[in-house]
Every structure is written in C-alpha cells, then in structure tokens.
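J.: need a structure here:
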Amino acid sequence: MFSDDRSQRIIEILTQSFVPLLQAFVEVTVPLTIISFALGLLLALFTALARLSNIKPLVGIMRFYVWIIRGTPLLVQLFIIFYGLPSVGITINAFPAAVIGFVLSVGAYNSEIIRAAILSIPKGQWEAAYSMGMTYAQALRRIILPQAARVSIPPLANSFISLVKDTSLAATITVTEMFRVAQQITAVTYEPLVLYCEAAFVYLIFCTILSSVQARLEKRFDRYVA
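T.: You can find the predicted model right below:
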C-alpha cells in the first residue's frame, strides 16, 4: 500500500512523535483529568445532597445548574469560559479554564449518579440509623454514603474514563494536552491519519487499563454485597 520511502517516513514520524505525545499525556492530560474529576466529584456530592434537602431555594439553584450543564455541549461551555468571559472583563488562563469547564460538567452529570445511588438505599436503613440515635449527618456518613458509594462505582468509573477522552476538547482552547501536541506535530509533518491514530492508540491503552481497574474495584466491592 505504501512505497518503501513512504513506509520509512511513517515509521520515523511514529517513533519520533511517541515520546512527545506520551509526555503531554502524562504531564497535562492526566493531571487535568484527575484534578477535574476530584473537584467535580465534590461538586457532584454537594449538588446531590442539596437536591435531596428540603431547602427549596437551594434545590432550585442546583436543579437549574444541572439543567444548564446537561443541556449544552461541553465544547460550547469551554468556549464561553475561555473565549467569552474576557469580553466582560474575566480572563482565565487556558488550563484553569479547562478545569472549570470539566468540573462543572463532571459535577452536573455525577450529581445525578450520586443522587440516584442515595435514593436506591432502602428507607429502612435511615430508620435503623435514627433508631440508634444517629443524627441525619451521622446516618448519611456512616450508613448511607458507604452503601451508595458501592452502588455508584460502575457509573462513576465510566464517567472518569469518559473524562479522559473529553480532555481532548481542551485542545480547542489552547491547552497543550496530548491531542493538541498531535495537532502541532501534524501541522509540521502533514500526516494527520498517522498522528491522530497514534494519539487514539495512547487513549485506548490508558482507557483499557482504567477499565481493568474498574472491573477489579467492582469485584472487590461485590464481596460486601449481602
């Protein structure tokens, strides 16, 4: 399919670009994913608990937030934060802008997962905790959340894996994560198919490892299922 010279050139490009791609993945993509997911998870927990509370204004605010984020594309949200806000005097650097966008997205989607997990715990668990003299906060922390965490592990793990791939959107706001580096190398070599397939391969390997970790976690927590 390719001449010898063409094949040799492709091999050289793949070899020379692999280290820069991997370096960008480790130094930018991974931190961006972990920071965004950790902060997003805290926001998701707060949002879920707020929506389950009896404080109507808070319920309304959190419902509005989830509605906005779930109803608009993540790419558009990133553009608003990075390119739109400067027009009203709010300028945010590329990496923090990406973190903010991903945190808001993770917080909205995962709040629904956590809320559903908490609601899946039988009411008898709450009643049992109250009968032992626990307060709402104690029952939530000691009885409900540990069980809800087990239920929510598969969807939260899927959310984390999706976030790894979604971080490639940060390239559109000039964050030099792995996909951005692939674009930069492509601009020099004029080999988009080769470079983007190589970037996809790195994502695939990492997501396969994460899927394996997810399976192990599910198996471990299944031991505690009654």
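J.: ok, then the element right after the helix or strand harbouring Ala108?
T.: When elements are assigned from DSSP states H and E, Ala108 belongs to helix 94-119. Following helix 94-119 in sequence order, the next helix or strand is helix 123-131 (DSSP H and E).
J.: what's the mean pLDDT across that next one?
T.: If you average the pLDDT over helix 123-131, you get 89.
J.: again, but for stretch 35-55
T.: The model assigns stretch 35-55 a mean pLDDT of 95.
J.: buried residues of it, list them for me.
T.: Neighbour-count burial for stretch 35-55, with 16 or more other CB atoms under 10 Å as criterion, is recorded at 35-37, 39-41, 43-45, 47-51. Every residue, glycine included, has its C-beta placed from N, CA and C.
J.: closest to Asp222 among those?
T.: Ranked by distance to Asp222 (CB to CB), the buried residues of stretch 35-55 are led by Leu41 at 21.8 Å.
J.: contacts only, for Asp5.
T.: Taking CB atoms under 8 Å, 6 or more residues apart in numbering as the definition of contact, Asp5 has no neighbours.
J.: put the alpha carbons of whatever helix or strand it lives in into CSV.
T.: Counting by DSSP H and E, the element that carries Asp5 is helix 4-24. The C-alpha atoms that make up helix 4-24 are tabulated as CSV, following Å, rounded to 0.1, in the frame of the first residue of the first chain:
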residue,chain,number,x,y,z
ASP,A,4,9.4,1.9,0.9
ASP,A,5,10.2,5.6,1.3
ARG,A,6,6.7,6.4,2.5
SER,A,7,6.7,3.5,5.0
GLN,A,8,10.1,4.5,6.3
ARG,A,9,8.9,8.1,6.8
ILE,A,10,5.7,7.0,8.6
ILE,A,11,7.8,4.8,10.9
GLU,A,12,10.1,7.7,11.7
ILE,A,13,7.2,10.0,12.4
LEU,A,14,5.5,7.5,14.7
THR,A,15,8.8,6.9,16.5
GLN,A,16,9.7,10.5,17.0
SER,A,17,6.3,11.7,18.0
PHE,A,18,5.5,9.0,20.5
VAL,A,19,7.6,10.4,23.3
PRO,A,20,6.2,14.0,23.0
LEU,A,21,2.6,12.6,22.8
LEU,A,22,3.2,10.4,25.9
GLN,A,23,4.9,13.3,27.7
ALA,A,24,1.9,15.6,27.0
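J.: related to what we said a few turns ago, ok, of the buried residues of stretch 35-55, which one's closest to Ser212?
T.: Of the buried residues of stretch 35-55, the one sitting nearest to Ser212 (CB to CB) turns out to be Phe37, at 17.9 Å.
J.: for Gly133, phi and psi?
T.: Backbone geometry at Gly133, expressed as degrees, to the nearest 10, gives phi 90, psi 10.
J.: any idea of the mean pLDDT in the helix holding Ala108?
T.: When the per-residue pLDDT values of helix 94-119 are averaged, the result is 96.
J.: list the buried residues of it.
T.: The neighbour-count check on helix 94-119 (16+ other CB under 10 Å) flags 94-95, 97-115, 117-118 as buried.
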